[in-house]
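1. The following block contains a protein sequence and its predicted model.
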Amino acid sequence: MRKHLLVVVLAVGAVAGCKRQQATTPTPPDKTPAVAGEIGSRMPDFTLKDLDGHEISSNNLRSSVVVIDFWATWCKPCEKEMPGYQRLVDRYGSRGFNVIGLKLDTRKDLQDARAFATKIGVRYPLAIATDDLKAKFGGINALPTAMIYDRLGFLRAKSMGFEREEVIERAIKPLL
């Protein structure tokens with residue numbers, strides 16, 4: 001009898017796993033929500049203009065899988081990493097994947113941010129991260145820093161320092 005019950009449970013689990021289901025809240029209701037910038041925290045509310053003058057709003061990103069990438073023109077690992085994000089947007093954008101690049105101004109830029117993006121082939125939205133915005137994301141202590149949010153707006157992964165495209169792809173695919 002136990003063997004048959006196990007087979008039924010496994011069969012039901014396999015069928016249920018084939019259906020696309022939304023992720024549930026990672027923080028149990030009896031626990032305190034995660035601090036901004038920590039795994040399980042929510043994407044902060046923000047509205048800002050990108051380098052082309054278009055509005056970027058966290059409200060418009062809520063049903064997407066989103067990478068928030070903090071970068072700078074003087075950051076060589078950022079320059080190496082950002083084209084990989086563009087390739088991921090090209091590959092998965094139609095499935096609800098977005099990247100928003102937030103440029104830090106902690107040091108003097110080596111070149112114009114728009115020219116920098118064009119040179120490395122980046123077309124996803126780029127904006128300037130104000131001190132207030134950096135604080136909303138829990139503070140940024142390293143560049144590049146990438147935060148991966150699921151469709152419900154919860155932080156699922158965070159990378160500080162250069163990360164290969166394949167690693168980011170493995171992190172986002174289950175969320176799509």
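-> Nice, I can see it. Numbers count the residues shown, from 1 in each chain.

2. Taking the centroid of the protein, which residue is nearest it?
-> Closest residue to the average C-alpha location of the chain: V67 at 1.9 Å, with CA atoms, centre = their mean.

3. Excluding sequence neighbours, find me the nearest residue to W71.
-> C78 (3.9 Å; CB to CB, 6 or more residues apart in numbering). Where you see a C-beta, it was placed from the backbone N, CA and C, and this is true even at glycine.

4. The one you found: how many residues sit nearby?
-> 23 (other CB atoms under 10 Å).

5. any idea of the pLDDT on it?
-> Note for C78: predicted pLDDT of 97.

6. what are the ranges of the strands in this structure?
-> With strands called from DSSP state E, the chain shows them at 47-49, 55-57, 65-71, 97-103, 126-128, 145-149, 155-160.

7. which residues touch the third one?
-> So the one you mean is strand 65-71. Here strand 65-71 makes contact (CB atoms under 8 Å, 6 or more residues apart in numbering) with 43, 78, 81-82, 85, 88, 92, 96-104, 129, 134, 137, 140, 143-151, 168, 172, 175-176.

8. Just the terminal-to-terminal distance for stretch 82-100.
-> 11 Å (CA to CA, to the nearest Å).

9. now do stretch 98-112
-> 23 Å.

10. Rounded mean pLDDT for that stretch, please.
-> 87.
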